[in-house]
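>>> dropping a prediction and its sequence here:
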Amino acid sequence: MNLLTRFKDGLQRTRTQTFSKIGAIFKSGKLDEDSIEELEDALLEADIGVSIVDDLIEKLKDEFANRKKDKNLSPAEILKSHLITILNNRHHTGTESCQVLTPNTTRFSHKPWVILLVGVNGSGKTTTAGKLAYYYGLQGKKSVIAACDTFRAAAVEQIEVWAQRGGARLVKQKSGADPASVAYDAYKSTQARSEDLLIVDTAGRLQSKRNLMEELGKVARVLRKHDPTAPHEVLLVIDATTGQNGLSQARGFTSVAGGTGLIITKLDGTARGGVVVPIQSELGLPVEFIGLGEGVDDLHPFDAKVFVNAIFEE
Amino acid sequence: MLEQLTDRFEKFVRNLRGQGKLTEKNVQDTVRQVRRIMLEADVSLPAAKAFVKTIQEKSLGQDVLKSITPGQQMVKIIHDELAAFLGGQAEPIRFGKSPSTILMVGLNGAGKTTTCAKLALHLKRSGRQPLLVAADTKRPAAIEQLVLLGKQLDIPVFTSDDKNPVRIAKDARKHAQKESLDCIIIDSAGRMHVDGELMDELKRLQSIANPPETLLVVDGMTGQDAVRSAKAFSERIDITGLILTKLDGDARGGAALSIRWITDKPIKFVGVGEKPADLDAFHPDRMAGRILGMGDIVSLVEKAQSTVDAEQAAKLAQKVAKQELTLEDFREQLIQLKNMGPIDSLLQMIPGMRGALKGMQVDESEFTGVTAIIDSMTVKERQIPRIIDGSRRRRIARGSGRSVQDVNRLLNQFDQMRKMLKRMGKRGGKMPLGLPGMPGLGGR
């Protein structure tokens, strides 16, 4: 099943549950009070957030009134193109409080290439670690997963299963061990065996817990000791159902561990994951991957167009 | 918890109170502002619209405009409606005939397994004999996780090699009867509400387990999707209550309103931390007051009552009255306070503290530091702190791995606290438990 079909599937199911009656209005070329409200509602219900939605609607009104080139462009099309522009912007430099490390080098330009996975509890980091190993395994890369969630009960047993599914070697220590020390060991052995990719899975934590965030900072610093450019990617794993707190998550995690991008998980439900729009527009963190299910092959590179269409698709 | 939602309302209410006169236009603006605040706090759009509509109708209907204090009148309406939206009053867990079952359901990653353990501890503390049932046969190591949590809490966990949750539930019931355990908590696998097959399985599980209580566990950080998933779950199976998790972060918690509104089922508990004791009963009336910045002192006192050993407390009160408080007592108090849960969430229950606490981090590791300093003192030093001279201070600092300044600060603060208690003692006033100025706490 291709990506778009899956999205549509999810949306269809939503429709039958009769929440948003998004319909013909998106195809119509009119822009009146009713159609504005419907467009606005669709954006809000996708978790894009009030401020950005206000901006987008203002822009839409302006452009719609002044459009010259293409008289056939529908309001929905105008909105879509704005959203795609935001999501595809890779020229951000981040903000002062967030060290956004936009990767200016190509993937795997260092060996091992190090990906640090961070996020709140239950966002899907462990599952994603296994899927990432599988994804890059298909491209012939040898992966290692560092089991740095030494806190949660049975987290190591869980990642063991996912490492196996993803075809990755697992580096682990006892439950309760220092996560930075696991990361250190993992890097050394990955380098010694000259494997391509090190995926560092960390414990879920809420960004407001200062001590836990400092612990995460330490994991990043330990990796940097081996290779000053590591971790090469810091990916924040966000549950698609997350509301506006996603922005706070992005700010919190990037300020301690840096950040290069996002992974949205659980997009196979009815949530649209629209909070990535304000995150991208404020912090410049692009979405790299999306998770669409519980299978090991359910991780896909992000496509802004498909994603945006899903917000408006019938 | 619900911090930002509360913040926004506080600010807004202040403005509203300042208004001398409320015009029809003001009501419009107010209503629009309320809608915006709710959306920013992740209240789902249909729930926000419904709430706003009610506010608007009530404000216009109730002669608010003619009232002498229209701002306050309006605040009252918003408060009452919020309380009504969140549910009338606190609702306890429902039990049937023993062994009584609680079925826990929800989306993946909502926090079911952790919450099962928390709920089991809560029931154990209230005198029940719970059995945890590991029926999540889908997620890798979910069973191991529950077994480990059960071991930590000394609560039995039923596991089986069977992969079928329905059969597991049947066997678990027999096991509970045999062991004469009086309640069963079933941890089911996380599932997407759009997954027909898994939802059917859940329906079968429910019909076999026949639980008086089926609780939907919802991530407190959920946004607009909250109404969609909660509605889907409650349409497919019979939900009797809700638990909101991960509310110890800075999530705005609007999902509380959304799920309550769409399911019309009571929110019974909220998860407020990673420790097993971090589960609070949900009080809708208090929550509404809290959202509007009225504090939640009742929750705090209740919390203290359940955690603080009554006998110890009586002794302490005596000592305070006789002005014999020692560093030893102080240390005990600190430990008790720590047992009550995350400090910052405790402090926020005190009216007026919310504003003062804004942007301030309460560092719980400070507690460990203070305890370490006291531990490094001799018994005599703890009883008569004034004998601690310069060389003793240096020794204590070395012993506890803290600086001499830290030791000085602790001693000074302790001294002040004693003086304060002395004054309170003279006035004959009562001191609420665990609430004197605590050394070691405060912005850094």
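Great, that's in hand.
>>> distance check, residue B:378 against residue B:405.
Applying C-beta to C-beta, to the nearest Å, the value for residue B:378 to residue B:405 is 21 Å. Placement of C-beta: from N, CA and C, glycine included.
>>> so the closest residue to chain B within the stretch 1-150 of chain A: helix, strand or coil?
In the stretch 1-150 of chain A, the residue that lies nearest chain B is residue A:122 (3.0 Å; C-beta to the nearest C-beta). Following DSSP: H, G, I helix; E, B strand; the rest coil, we place residue A:122 in the coil state.
>>> next, count neighbours for residue A:67.
Using other C-beta atoms under 10 Å in any protein chain shown, residue A:67 has 12 other residues around it.
>>> before we move on, what about residue A:139?
Counted by other C-beta under 10 Å, the residues lying close to residue A:139 total 10.
>>> so it, which of the three states?
Of the three states, residue A:139 takes coil under three-state DSSP.
>>> apart from its neighbours in sequence, what residue is nearest residue A:222?
residue A:180 (4.4 Å; C-beta to C-beta, 6 or more residues apart in numbering or on different chains).
>>> tell me which residue of chain B lies closest to chain A.
Closest point on chain B to chain A, by C-beta to the nearest C-beta, is residue B:223, at 2.3 Å.
>>> looking at this, residue A:108 is in a strand?
No - according to three-state DSSP, residue A:108 belongs to no strand; its state is coil.
>>> how near is it to residue A:192?
18 Å.
>>> these two: who's more crowded?
Between residue A:108 and residue A:192, counted using other C-beta under 10 Å, residue A:108 has the larger neighbour count: 14 against 8.
>>> quick one, what contacts the more buried one?
A:141, A:196-197 (C-beta atoms under 8 Å, 6 or more residues apart in numbering or on different chains).
>>> before we move on, what about residue A:252?
With C-beta under 8 Å, 6+ apart, residue A:252 has these contacts: A:207-208, A:213.
>>> of the residues you listed, closest to residue A:249?
Set against residue A:249, the nearest of the contacts of residue A:252 by C-beta to C-beta is residue A:207 (5.3 Å).
>>> and the nearest residue to the closest one once chain neighbours are set aside, which helix or strand is it part of?
Nearest non-adjacent residue to residue A:207, counting by C-beta to C-beta, 6+ apart: residue A:252, 2.7 Å away. Assigned by DSSP states H and E, residue A:252 belongs to helix A:245-257.
>>> what of residue B:174?
Assigned by DSSP H and E, residue B:174 falls within helix B:165-178.
>>> next structured bit after that helix?
Downstream of helix B:165-178, the next assigned helix or strand under DSSP H and E is strand B:183-188.
>>> need the contact partners of that next one.
For strand B:183-188, contacts defined as C-beta under 8 Å, 6+ apart pick out B:95, B:98-105, B:112-113, B:116, B:119-120, B:123, B:128-136, B:142, B:146, B:165, B:169, B:172-173, B:176, B:202, B:205, B:209, B:211.
>>> give me the mean pLDDT for it.
Mean pLDDT, computed over strand B:183-188, is 97.
>>> show the contacting residues for the residue of the stretch 1-150 of chain A closest to chain B.
Counted by C-beta under 8 Å, 6+ apart, residue A:122 has contacts A:204, A:239, B:108-111, B:219, B:246.
>>> arrange those in TSV, one row each, with secondary structure and distance to residue A:280 as further columns.
Listed next are these as TSV, based on DSSP: H, G, I helix; E, B strand; the rest coil; distance: C-beta to C-beta, whole Å:
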residue	secondary structure	distance to residue A:280
A:204	coil	22
A:239	strand	17
B:108	coil	25
B:109	coil	23
B:110	coil	26
B:111	coil	27
B:219	strand	22
B:246	coil	24
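>>> can you list phi and psi of the one residue in the stretch 151-300 of chain A that gets nearest to chain B for me?
Proximity to chain B, evaluated over the stretch 151-300 of chain A using C-beta to the nearest C-beta, is greatest for residue A:243 at 2.3 Å. Dihedral pair for residue A:243: phi -90, psi -150, per degrees, to the nearest 10.
>>> okay, now residue 277: neighbour count?
Unless you meant another one, I'm taking chain A. Count around residue A:277 with other C-beta under 10 Å applied: 28.
>>> think we crossed wires, I meant chain B
Residue B:277, neighbours per other C-beta under 10 Å, totals 18.
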